[in-house]
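Peer 1: Next one to model:
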Amino acid sequence: HVYFDLDRIADAERSALEAISVSEPNDYFLPRLEAQRILYEIYRGRGDHQQALHFLEQYTRDHDSLQNKENLAMMSMSQALYEYQRKEEALIMEEGRKRQIVIVVAILTSVLVIITLLFYRSLSKQKIKTDTLLENILPKETIAELKRSGVVTPRTHHNVTIMFCDVKDFTLIAEKLPPD
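Peer 2: Just a heads-up that it's a prediction; the model follows:
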């Protein structure tokens with residue numbers, strides 16, 4: 001290249017031919033392309049159109065081959081980037097789904113806890129009502145035994161009188177009385 005610029009054509013030709021012989025086995029495209037271009041210019045300038053055409057064809061072939069390799073490399077890079085982005089999007093989607101599942105589970109757990117607390121509160125109120133009703137009907141010892149074992153042992157009482165009575169029109173009177 002330097003010899004060509006200094007108009008030392010013979011040295012440029014020798015240097016370019018040597019560059020081609022060194023670069024071909026090692027697959028060095030850029031020095032070979034430059035040498036082929038220089039040899040094309042030298043032979044065209046001398047009027048050796050056959051040699052000029054030969055190096056122009058080599059230059060064109062190698063240039064196209066280099067372009068194809070660059071295009072393949074670009075396509076490979078594009079494909080790798082596309083696959084990377086697709087996998088990244090899939091991971092983001094999966095992460096979003098997992099986050100949604102966690103949120104749904106948290107909401108369901110909260111609802112279940114609230115329902116359980118409301119049920120327990122209602123159950124506590126019913127227990128208080130039941131205990132109050134039992135205290136109005138049964139003696140405290142009987143209530144304690146019933147709570148403890150679930151059954152009450154029958155007891156014998158001497159000198160007990162049981163009275164059965166029917167109050168006339170009790171239902172009619174009770175219907176007219178206020179609940180309290």
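Peer 1: out of all of them, which helix in this protein is the longest?
Peer 2: helix 49-137 (DSSP state H).
Peer 1: which element follows that helix toward the C-terminus?
Peer 2: Later in the chain than helix 49-137, the nearest helix or strand by DSSP states H and E is helix 140-149.
Peer 1: Beyond that following helix, next helix or strand please.
Peer 2: helix 170-176.
Peer 1: Dump that following helix to PDB, restricted to CA.
Peer 2: Extracted as PDB, the C-alpha positions of helix 170-176 are listed here (Å, rounded to 0.1, in the frame of the first residue of the first chain):
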ATOM      1  CA  PHE A 170    -101.500 -18.900  78.100                       C
ATOM      2  CA  THR A 171    -100.700 -18.900  74.400                       C
ATOM      3  CA  LEU A 172    -103.100 -16.000  73.700                       C
ATOM      4  CA  ILE A 173    -101.700 -14.000  76.700                       C
ATOM      5  CA  ALA A 174     -98.100 -14.700  75.700                       C
ATOM      6  CA  GLU A 175     -98.700 -13.500  72.100                       C
ATOM      7  CA  LYS A 176     -99.900 -10.200  73.300                       C
END
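Peer 1: any idea of the mean pLDDT for that helix?
Peer 2: When pLDDT is averaged over helix 170-176, the result is 84.
Peer 1: distance between it and the chain's centre?
Peer 2: 70 Å (C-alpha atoms, centre = their mean, to the nearest Å).
Peer 1: do stretch 23-39 as well
Peer 2: Averaging C-alpha positions (C-alpha atoms, centre = their mean) puts stretch 23-39 50 Å from its chain's average.
Peer 1: Same question for stretch 71-79.
Peer 2: The offset between the C-alpha centroid of stretch 71-79 and the centroid of the whole chain comes to 28 Å, using C-alpha atoms, centre = their mean.
Peer 1: I appreciate the help and will end here.
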